[in-house]
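Q: Structure, please.
(chains A and B)
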Amino acid sequence: MTGYLYKEFKLNIRLILIFLLTYLFFSIVPIFAVVDAKDDDTIGQTLTMILGVFCIFTFITAGCIQSGVFNGDDRKKWAYFVTSTPSGIKGQIGAKYLFTMLFTMFVVTLETLKLAFAEQISGQSSGLSVLIAAMFYVQLLMRAVEYPLIVRFGVKMGSMVKITAVCVAILGFIVYMLFGDTSAFASMDTFWERMFAFVGNPDKLKMLLLWVGICTLAVLPLYYLSYRISVKLYLKGAENYAK
Amino acid sequence: MPSKKKTLLRIFIYLVLAFAPAYVLELIFSDKQGSLKNVFWGATLMLYPAIATIITRLVTKEGFRDAMLGFGRRGSGKYYAAAVIYPIVLPFVSALILHLFIVKNGSISDSAFGSDIVMGMASLLIGIISGIATAFHGLGEELGWRGYLTPKLEQLMPTPAAIVVTGIIWALWHGPLLAYGYDFGRDYDLFPYGGFIAMMVMCIFWSALLTWLTKRTGSVYPAALCHMLIDTVLTAVFMLFAYNANGEKFAYRTNEFWMLILSVFPMIIVCGTVCMVLICKKGKSTAKA
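A: Residues are numbered from 1 along each chain as shown, chains lettered A, B, ... in the order given. Next comes the predicted model:
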């Protein structure tokens, strides 16, 4: 599998380097700008906001690179060749899942270092490490949904199926908001009152924290399940690939 | 297999590259309390063994064929599970020993964890979540110690000896921090030598466990995962047992240094010994075959 991993790394090295250069420019430069421009009272809030926005932006960009790991591999000849190798389908698909996970972990490391750097030069902690961890699991969840579709239908068709699924979900949400039970949002005053009452109740907040933790951890078995599904679907998908 | 001289040279290059940046940063930015003043450089420390491995492999033209970067062999799942379960069980066993033999004024149900189990479980989950998300840092160390140094030492000596030597080198890598009270504080007799000895013991037995995981799977990822989870979960959860519900520390029958050793070390030593025995057994059966 090391060979497949090497292939992924070699094929994506340019994208990773471009990502790193863009990252350095768009993530590190604003920190200096904020620290130079603001006084001590407002620096913390402004820095947290900017770091938070760029953190999300970084993970979205990283997601685009991850989504591209199947580009060029949806060819019949390649699929049958891969099947005949000792590592087989598991090696080929596993390397892509592993590359995605390692790359996401690498982005987490970059973000952690960036936060540490910001803390060092501003003297204030941004407290964004929770956001970074959350983005890590969101990325894995999105790839866990996306990859089996790409494997089954090919890159183009898989992306279309994904976009269609997202559109259907948005449409479902709009239909629910138009015709469903929206009494919870009827009055925004009572909504916020209930929200603050919930946040003010330590027992409920602790239970929420516990459930958030459980749901977040559930992403990992889902990611593994997604890998197993992709392995199962690979040869079926290969029938639809171009020659 | 390369000659002994070549292997020694490779080990030397690796050690210089792994130790130099860590020691320079730990000495320049030391806060004299066992940590680093500079948050940024502190966050990079765990990455130097991996950087050293990559540079060494490139300089010596060894390549990455034996870097154990794949998922691992068939049936590695149970070892990945062990890599996650061990760091979760460790703080609970340590807490049990702590409250059975060391704490003077309270029981486990009076602790911050015992009195608020929901919050305690949430802290445990947060520890696991952040440990997995930041596992790249764990990979930073494991790619070097278990992925490079131990296999290289095994070319020069038997596996158990290689594990012990790796453990000692790994402990000494934390040297400048230990000299100021890293992990074990400063409030004990024979400071800082006691801290060095304790760190060596801990690293030798953890080295056995992590090497066992690496050898059984043929991958460094379980060791990296286990390492990072130990770092995040042990600290997050064990501390909840060391304090009572009001946030006050329990009174101990001994000082904090011995409290840590007596409560946390038994499981580390038992598991490390079991792993060492399993590695030796496997080595013998392979030699017979």
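Q: Give me the residues contacting the helix or strand bottoming out on mean pLDDT in chain A.
A: Least confident helix or strand, chain A: helix A:29-37 with a mean of 73, by mean pLDDT, DSSP states H and E. The set of residues external to helix A:29-37 that reach it, using C-beta atoms under 8 Å, 6 or more residues apart in numbering or on different chains, is A:43, A:46, A:47, A:50, A:51, A:54, A:114, A:117, A:118, A:121, A:122. All C-beta atoms are positioned from the backbone trio N, CA, C, and that covers glycine.
Q: Looking at those, which are in helices?
A: Secondary structure from DSSP state H places A:43, A:46, A:47, A:50, A:51, A:54, A:114, A:117, A:118, A:121, A:122 of these in helices.
Q: Please indicate which of those has the highest neighbour count?
A: residue A:118 (27 neighbours; other C-beta atoms under 10 Å in any protein chain shown).
Q: how close does the residue lying closest to that residue once chain neighbours are set aside sit to chain B?
A: Spatially, and ignoring its direct neighbours in sequence, residue A:118 is nearest to residue A:31 (5.0 Å; C-beta to C-beta, 6 or more residues apart in numbering or on different chains). Relative to chain B, residue A:31 is positioned 11 Å away (criterion: C-beta to the nearest C-beta, to the nearest Å).
Q: burial measure for residue A:31, as a count.
A: 21.
Q: picking that back up, ok, so of the contacts of helix A:29-37, who is nearest chain B?
A: residue A:117 (4.5 Å; C-beta to the nearest C-beta).
Q: wait, doesn't that closest one sit right on residue A:27?
A: No: using C-beta atoms under 8 Å, residue A:117 is not in contact with residue A:27, being 9.4 Å away.
Q: Spell out which residues are contacts of both of those two.
A: With C-beta under 8 Å, 6+ apart, residue A:117 and residue A:27 have no common neighbours.
Q: So which residues on chain B come close to chain A?
A: For chain B, the contact set with chain A under C-beta under 8 Å from any C-beta of the partner chain comprises B:38-40, B:42-44, B:47, B:64-65, B:67, B:69-71, B:116, B:118-119, B:121-122, B:125-126, B:128-130, B:132-137, B:139.
Q: need the helices for the chain, in chain order.
A: Looking at chain A here, since you left the chain open. When assigned using DSSP H, the helices of chain A occupy the ranges A:2-23, A:29-37, A:40-67, A:76-84, A:88-122, A:129-179, A:188-200, A:202-238.
Q: could you do chain B instead?
A: B:4-28, B:39-44, B:48-59, B:77-97, B:112-115, B:117-133, B:135-144, B:150-154, B:159-173, B:175-178, B:193-217, B:221-229, B:235-242, B:256-288.
Q: Turn those helices into TSV, including mean neighbour count, distance to residue A:214 and mean pLDDT.
A: TSV is the format used below for those (neighbours: other C-beta atoms under 10 Å in any protein chain shown; distance: least, C-beta to C-beta, whole Å; pLDDT from 0 to 100):
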stretch	mean neighbour count	distance to residue A:214	mean pLDDT
helix B:4-28	16	37	94
helix B:39-44	19	28	91
helix B:48-59	20	32	95
helix B:77-97	18	14	94
helix B:112-115	19	18	91
helix B:117-133	21	7	92
helix B:135-144	26	19	93
helix B:150-154	20	36	95
helix B:159-173	21	34	95
helix B:175-178	21	35	90
helix B:193-217	23	26	94
helix B:221-229	27	17	94
helix B:235-242	19	16	91
helix B:256-288	16	26	89
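Q: In CSV: those, plus distance to residue B:248.
A: Conversion of the helices of chain B to CSV gives the following (distance: least, C-beta to C-beta, whole Å):
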stretch, distance to residue B:248
helix B:4-28, 32
helix B:39-44, 29
helix B:48-59, 38
helix B:77-97, 17
helix B:112-115, 10
helix B:117-133, 17
helix B:135-144, 32
helix B:150-154, 43
helix B:159-173, 32
helix B:175-178, 28
helix B:193-217, 25
helix B:221-229, 28
helix B:235-242, 10
helix B:256-288, 14
